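A.B. asks: Take a look and give me a structure for this.
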Amino acid sequence: MAAGIILAAVLGGGVILIMKIIFSRRKITCYPVGIMRGKTVIITGANSGIGKATAAELLRLQARVIMACRDMQKAEEAAGEIRKESGPHGELVIKHLNLASLRSIHSFCEEIMKEEIKIDVLINNAGLYQCPYAKTEDGFEMQIGVNHLGHFLLTHLLLDHLKNSAPSRIIVVSSELYKYGSINFDDLNCEQNYNKASCYSQSKLANLLFIHELSRQLYGTGVTVNALTPGIVRTRLGRHIHIPLLAKPLFFMVSWLFFKSAMEGAQTPLYLACSPEVANVTGKYFANCQEKQLLAKAVDDHVAKRLWDLSGTLVGLKS
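C.D. replies: Just a heads-up that it's a prediction; the model follows:
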């Protein structure tokens, strides 16, 4: 009996190991060291997950990386780990930015405008996923507030600096879950009926409508704007999802086998930030470093312009 259990465990472990090897064969691109030398990159939510992995690699490529983070203690810890991992390359700067506060966004942008000569790349990476209902400091539903409106204002306030730094790039991290979203103009804050999954999908669709309209407005300025889905990645983004205790071992095994690592998830944002192949590409959506076709609702001119105008009003921008 005992021998059978041991044999089953060994065989099961062997199968799992083989599957792990098969599913871990994802492409990791190595860019030439120095390709980002002299470039200044801002990454929101750079203290964990994809943002942290992206920051580490950009630092190795000798960029000046500005980590825009809400929790400064976690940002300092992450920066220490990044410096150890990346070695004596580039330059790492930590700045406080709370995307759930319009006041904080304005303060951050004022500092950047005063201290930074240029911005070569802005990566709008930070996000919340299916959190319990909550509101931002300014009264917006948290997911639409952070994932869309916060980045909308941040990007708008930095646009002149990005234009003056052209050629420059804006990158927005979205999600394939946009497919299940729709923009509820009558209840953008989900006050009448809060469904955390639907509200997340709405915010990710808003990301894509935002880059659609922004790319149109930036045409000919030398500033490109593209969006991406990183795929399913093992990060803390899903920390609000409740998994039954008995199902956790299975979930962890599945995630270990099939989900991307943070560095694997960072490949597409790195591609859009570094690669000369996309230097003149704008208004597109990428997955696994390749352009991907969007559903019609994500490139609807009328809805994109309507959302742009509403977003500007909500965050207090003059029309």
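A.B. asks: Check which element follows whichever strand or helix holds residue 75 along the chain.
C.D. replies: Using DSSP states H and E, residue 75 sits within helix 72-86. Scanning forward in sequence from helix 72-86 by DSSP H and E, the next helix or strand is strand 91-96.
A.B. asks: ranges for the helices of this protein?
C.D. replies: Using DSSP state H, the helices of the chain run over residues 2-23, 49-60, 72-86, 102-115, 142-143, 151-164, 196-217, 248-258, 262-265, 267-274, 301-314.
A.B. asks: out of the ones you listed, which comes closest to residue 129?
C.D. replies: helix 196-217 (5.8 Å; C-beta to C-beta). Just so you know, the C-beta spots here come from the backbone N, C-alpha and C atoms, and that holds for glycine as well.
A.B. asks: got the contact list for the residue nearest to residue 147 when sequence neighbours are not counted?
C.D. replies: Leaving aside its chain neighbours, residue 147 sits nearest to residue 203 (3.7 Å; criterion: C-beta to C-beta, 6 or more residues apart in numbering). Shown in contact with residue 203 (C-beta atoms under 8 Å, 6 or more residues apart in numbering): 127, 143, 144, 146, 147, 148, 181.
A.B. asks: What lies in contact with stretch 32-41?
C.D. replies: 58, 60-66, 89-90, 116-123, 165, 273-274.
A.B. asks: go again using 10 Å as the cut-off
C.D. replies: Contact with stretch 32-41 is made by 54-55, 57-67, 89-91, 93, 112, 116-123, 161, 165, 168-169, 171, 270, 273-276, as judged by C-beta atoms under 10 Å, 6 or more residues apart in numbering.
A.B. asks: Using TSV, please lay out the helices of the chain together with distance to residue 294 and mean pLDDT.
C.D. replies: Listed next are these as TSV, based on distance: least, C-beta to C-beta, whole Å; pLDDT from 0 to 100:
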stretch	distance to residue 294	mean pLDDT
helix 2-23	27	42
helix 49-60	21	96
helix 72-86	32	94
helix 102-115	27	98
helix 142-143	20	97
helix 151-164	18	98
helix 196-217	6	97
helix 248-258	25	50
helix 262-265	20	90
helix 267-274	15	97
helix 301-314	11	98
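A.B. asks: For residue 186, find the nearest of those helices.
C.D. replies: Across the helices of the chain, residue 186 has its closest neighbour in helix 301-314 (11.1 Å, C-beta to C-beta).
A.B. asks: and residue 160, how many neighbours does it have?
C.D. replies: Using other C-beta atoms under 10 Å, residue 160 has 10 neighbouring residues.
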